[in-house]
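S.K.: no FASTA, just this:
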């Protein structure tokens, strides 16, 4: 979990139980099925609805495949977002960003109004769209991380150009909504766990302030866990 939200871990003998908490939702897993069952028995004393094997959590669709791991996607969430912003029939694009060079003169910028009709461009609708895109990115879409975080910098005073670039991200998600996030299963305990970090950076590519940008992806046994 990101942004300081650390799951609760319980160790007993050689087993580990992991409990993820978000508001009033719990997601439980562990190294042994017996440990998960024991936790479920303990919390059954409370008024909690046990949905047994997870298949949906916070907008994520989850498919468990035994020792092969799990597969996550947000296709339903993306479809709902396309409908909310009237972009069900929009043309898809193959990249989340275009060739935005940030060379506009501030005096020539077309700032969005504070409020407008639903699905029309306004500060409120821009903030709503960017917030939804940020949630999708944080759950399982590292491919839109750069584009979304660039859009979040403009939420206080967005322009019509910012609105257009944020909708481009949604158009990209439209044709890539079928991408699935695969978390590998547990390998042999005799093998060493391999953690790799991939990083890259540009140099003064942002023409607005001449700042450089950087990014990284961390994998554990080829499974992405941080970006």
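M.R.: That came through fine. Values in this document were obtained by computation on a predicted structure and should not be read as measured data.
S.K.: residue contacts, residue 170?
M.R.: Contacts of residue 170 were listed using Cβ atoms under 8 Å, 6 or more residues apart in numbering, and they are 81, 82, 85, 87, 90, 129, 133. Backbone N, C-alpha and C define where each C-beta goes, glycine included.
S.K.: any idea how far residue 164 is from the third one?
M.R.: Okay, so that is residue 85. 13 Å (Cβ to Cβ, to the nearest Å).
S.K.: neighbour-wise, which of the two wins?
M.R.: residue 85 (18 against 12; other Cβ atoms under 10 Å).
S.K.: now the more buried one: how far from residue 141?
M.R.: 17 Å.
S.K.: ok, residue 53 next?
M.R.: Taking Cβ to Cβ, one finds residue 53 at 24 Å from residue 141.
S.K.: do residue 110 as well
M.R.: Residue 110 is 29 Å from residue 141, by Cβ to Cβ.
S.K.: when these two are compared, which one has more neighbours?
M.R.: With neighbours defined as other Cβ under 10 Å, residue 110 and residue 141 compare such that residue 141 has more, 24 against 11.
S.K.: mind listing what that one touches?
M.R.: 74, 173, 179, 181.
S.K.: which parts of stretch 195-215 are buried?
M.R.: Of the residues in stretch 195-215, none has enough neighbours to count as buried (16 or more other Cβ atoms under 10 Å).
S.K.: again with stretch 51-68
M.R.: Result for stretch 51-68 [16+ other Cβ under 10 Å]: buried residues 57, 59, 60, 62.
S.K.: how long is it end to end?
M.R.: 22 Å (Cα to Cα, to the nearest Å).
S.K.: identify the residues contacting that stretch?
M.R.: 22, 25, 27, 70-77, 135-136, 139-140, 184-186.
S.K.: let's see which of the residues you listed end up in strands.
M.R.: 22, 25, 27, 70, 71, 72, 73 (DSSP state E).
S.K.: contacting residues for the second one?
M.R.: It stands for residue 25. By Cβ under 8 Å, 6+ apart, the neighbours of residue 25 are 57, 58.
S.K.: how about residues contacting stretch 109-116?
M.R.: With Cβ under 8 Å, 6+ apart, stretch 109-116 has contacts from 121-126, 157-163.
S.K.: sorry, that was for stretch 177-187
M.R.: 31, 65-75, 78-79, 140-141, 143, 221-224.
S.K.: take these and keep only those in helices.
M.R.: 75, 78, 79, 140 (DSSP state H).
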